[in-house]
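In: Build the 3D model from these lines:
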Amino acid sequence: EHFSEHSVIQNKLENLPELLDYFPPNAPLCTARITTFVQRSNGGKSTIRVLESWLRVGASGALADQIENGGSTFALYAETGVVWNGTTTEKMVRGKPFLEPTLHKALGASKCITGHKLPFWNKCIDAVKRAHRDLAPNAFTVGWDVVFTPDGVQILEGNLMSMVALHIGMRYGTMSLLWP
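Out: Numbers count the residues shown, from 1 in each chain. Just a heads-up that it's a prediction; the model follows:
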């Protein structure tokens, strides 16, 4: 009884096999961070839109997919789910973060991911918009971590403080192409 009140238990999730060549060997569960926001019209009507989206690919052997753990982060075209360029902590923290991202393959991966369309993208977008509307209707923005598994896509979590535009963001003129 005490255990159930203070714990969350879920089934172990695994990366979709079709994506494994784009990830390093022994990669952790990799997620797409899809950030939604509420756009309000003058008439008071609210529309949930996608602000930005990223694919986070964890380093081989890491426990999580964050860029800070040696992983890679790739910008996604929000409208299509096609992967654009990416970056790493080395470039963002210790390198020249003002330069446009140029990474085309996750560190340790066997295949280039730039230009690849993520599966189930429309389902991802529908799921995060519905989750924002139903679970966080008063939040201006939510960063949703979505996983691609053999059972389809699932929302892993929602983040009210989601580092919007922190990794690459609006630093580059070509990034404006990614924003809806």
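
In: Just give me the longest strand of this protein.
Out: Ranked by number of residues, the top strand in the chain under DSSP state E is strand 46-57.

In: for that strand, which positions count as buried?
Out: Ile48, Arg49, Val50, Leu51, Glu52, Ser53, Trp54, Leu55, Arg56, Val57 (16 or more other CB atoms under 10 Å). C-beta here means a position set from N, CA and C on the backbone, and glycine is covered the same way.

In: and of these, the nearest to Thr114?
Out: Within the buried residues of strand 46-57, distances to Thr114 taken as CB to CB reach their minimum at Leu55, with 10.6 Å.

In: secondary structure element for the nearest residue to that closest one once chain neighbours are set aside?
Out: Closest residue to Leu55 apart from its sequence neighbours, by CB to CB, 6 or more residues apart in numbering: Phe74 at 4.5 Å. Using DSSP states H and E, the element containing Phe74 is strand 72-76.

In: Which parts of this structure are helices?
Out: Remark: helices assigned in the chain by DSSP state H are 2-5, 89, 121-135.

In: among these, which is the most enclosed?
Out: Ranked by mean neighbour count, the helices of the chain are led by helix 89 with a mean of 19 (mean count of other CB atoms under 10 Å).

In: State the distance from the closest residue to Gly143 other than its chain neighbours to Ala27.
Out: Counting by CB to CB, 6+ apart, Gly143 lies nearest to Ser162, which is 2.3 Å off, once chain neighbours are set aside. Between Ser162 and Ala27 the computed distance is 22 Å (CB to CB, to the nearest Å).

In: what about the two, which has more around it?
Out: Taking other CB atoms under 10 Å, Ser162 and Ala27 do not tie; Ala27 has more neighbours (23 against 19).

In: so can I have CSV of the buried residues of strand 46-57 showing pLDDT and distance to Arg40?
Out: Output for those, formatted as CSV (pLDDT from 0 to 100; distance: CB to CB, whole Å):
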residue, pLDDT, distance to Arg40
Ile48, 94, 11
Arg49, 91, 11
Val50, 90, 16
Leu51, 86, 14
Glu52, 85, 19
Ser53, 89, 22
Trp54, 90, 25
Leu55, 93, 29
Arg56, 93, 29
Val57, 95, 35
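
In: No further queries at this time; thank you.
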